[in-house]
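Student: here are the coordinates; sequence isn't available:
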């Protein structure tokens with residue numbers, strides 16, 4: 001009886017999350033031309049948030065590569081074995097019974113491929129998700145440095161990446177791969193290691209490896225043809241940017257954090273704070289339209 005009630009609670013929570021999520025982004029309504037350098041989030045009607053140095057190592061925008069390992073604070077302890085949580089497996093199959101993802105990431109992925117299904121693309125498979133350091137070490141030993149990263153330096157240890165396959169064939173040729181190349185950014189995902197950015201990422205082309213960064217970041221990266229390294233450098237130079245996606249206005253601010261510092265966020269509305277795993281935090285503000293201007 002207890003298991004039945006637990007399952008019902010999980011389904012209710014997931015249903016609420018899906019209702020809150022805004023999956024539809026019209027490419028024609030994406031504008032990332034309105035970049036405006038500013039010093040800070042306006043203080044008026046705002047709140048002051050104290051940022052400690054550990055915030056640098058938390059969030060969806062953490063850079064993980066050969067120079068920046070996964071911080072201990074970012075270990076994906078919330079990842080679950082999907083074969084034991086079939087309520088999270090919606091519209092896709094698993095390569096094997098070892099695949100782990102956080103429930104939130106699994107739900108976001110399901111929302112994305114539900115849209116693909118409407119376009120007649122529906123043969124998705126997850127071949128890898130979260131890996132702990134022991135699993136990554138074994139993979140590195142088996143595959144070597146040309147095909148795997150050492151333990152602690154792989155995005156799979158971060159818990160925000162997944163390898164997506166197709167039951168029809170290789171992703172570079174399958175309809176599933178082509179659909180994701182064109183549409184994944186609308187749902188907060190990026191192709192982490194594109195073919196023309198190997199010199200920057202240090203990783204060969206992996207058309208199956210997708211990383212979640214969230215909106216508006218994925219839309220800006222798509223428009224500017226940035227990989228994550230380039231995007232984070234861009235934010236550090238610009239300090240702040242403003243972008244409109246499907247009529248929703250976002251402002252993104254970069255703050256260096258060498259000691260504990262204070263940032264300003266709106267008293268009303270949504271905002272997120274993510275570290276970059278290097279030297280600062282990114283504050284993302286979703287503006288609320290004024291009454292009468294909606």
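Tutor: All right, it came through fine. Since the model is a prediction, treat every value here as computed from it, not as a measurement.

Student: how far away is residue 164 from residue 212?
Tutor: Relative to residue 212, residue 164 is positioned 12 Å away (C-beta to C-beta, to the nearest Å). No exception for glycine: its C-beta is placed from N, CA and C like everyone else's.

Student: repeat for residue 225
Tutor: For residue 225, the distance to residue 212 - C-beta to C-beta - is 19 Å.

Student: Name the residue in these two with the higher neighbour count.
Tutor: Using other C-beta atoms under 10 Å, the more surrounded residue of residue 225 and residue 212 is residue 212, with 24 against 10.

Student: Would you agree that one is in contact with residue 188?
Tutor: Yes: counting by C-beta atoms under 8 Å, residue 212 does reach residue 188; the two are 5.5 Å apart.

Student: what do the two both touch?
Tutor: By C-beta atoms under 8 Å, 6 or more residues apart in numbering, residue 212 and residue 188 have these common neighbours: residue 108.

Student: Give the burial count for the closest residue to residue 188 other than its chain neighbours, as a bare number.
Tutor: The shortest distance from residue 188 to any non-neighbouring residue, by C-beta to C-beta, 6 or more residues apart in numbering, is to residue 214 (4.3 Å). Close neighbours of residue 214, defined as other C-beta under 10 Å, add up to 19.

Student: which residues sit in contact with the residue nearest to the spatial centre of the chain?
Tutor: Per C-alpha atoms, centre = their mean, the C-alpha nearest to the average position across the chain is that of residue 212, at 1.8 Å. Going by C-beta under 8 Å, 6+ apart, residue 212 touches 60, 105, 108, 160, 161, 188, 189.

Student: change it to 7 Å
Tutor: Contact partners of residue 212, counting by C-beta atoms under 7 Å, 6 or more residues apart in numbering, are 60, 105, 108, 160, 188, 189.

Student: Which of the residues you listed fall within helices?
Tutor: 105, 108 (DSSP state H).

Student: okay if I get the contacts of residue 212 as JSON lines plus distance to residue 242 and neighbour count?
Tutor: What follows is the contacts of residue 212, written out as JSON lines (distance: C-beta to C-beta, whole Å; neighbours: other C-beta atoms under 10 Å):
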{"residue": "60", "distance to residue 242": "20", "neighbour count": "17"}
{"residue": "105", "distance to residue 242": "28", "neighbour count": "22"}
{"residue": "108", "distance to residue 242": "25", "neighbour count": "20"}
{"residue": "160", "distance to residue 242": "25", "neighbour count": "26"}
{"residue": "188", "distance to residue 242": "19", "neighbour count": "24"}
{"residue": "189", "distance to residue 242": "23", "neighbour count": "24"}
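
Student: Show me which of the contacts of residue 212 is closest to residue 124.
Tutor: When these are ranked by distance to residue 124 (C-beta to C-beta), residue 189 comes first, at 12.5 Å.

Student: Hmm, the closest one is touching residue 217, no?
Tutor: No: in this structure, residue 189 is not within contact of residue 217 by C-beta atoms under 7 Å, at 10.5 Å.

Student: Give me the contact list for stretch 253-265.
Tutor: For stretch 253-265, the external contacting residues (C-beta under 7 Å, 6+ apart) are 40-41, 43, 46-53, 55-56, 235-236, 239-240, 271, 279-283, 285.

Student: the helices in the stretch 51-200 of the chain, which residues?
Tutor: 103-118, 133-143, 175-183, 198-201 (DSSP state H, counting those that start in this stretch).

Student: Out of these, which gets nearest to residue 152?
Tutor: Of the helices of the stretch 51-200 of the chain, nearest to residue 152 by C-beta to C-beta is helix 133-143, at 5.8 Å.

Student: Please state the offset of the closest one from the chain centre?
Tutor: With C-alpha atoms, centre = their mean, to the nearest Å as the basis, helix 133-143 stands 24 Å off its chain's centre.

Student: buried stuff in that helix?
Tutor: If you call a residue buried by 16 or more other C-beta atoms under 10 Å, then helix 133-143 has these buried ones: 135, 136, 137, 139, 140.

Student: any chance of the residues you listed in a markdown table, plus pLDDT and distance to residue 249?
Tutor: Supplementary listing: the buried residues of helix 133-143 in a markdown table, determined by pLDDT from 0 to 100; distance: C-beta to C-beta, whole Å:
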| residue | pLDDT | distance to residue 249 |
| --- | --- | --- |
| 135 | 91 | 41 |
| 136 | 93 | 40 |
| 137 | 93 | 45 |
| 139 | 92 | 42 |
| 140 | 90 | 43 |
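
Student: Helix or strand, whichever it is, which one in the chain has the lowest mean pLDDT?
Tutor: Least confident element among the helices and strands of the chain, by mean pLDDT, DSSP states H and E: helix 2-20 (a mean of 40).
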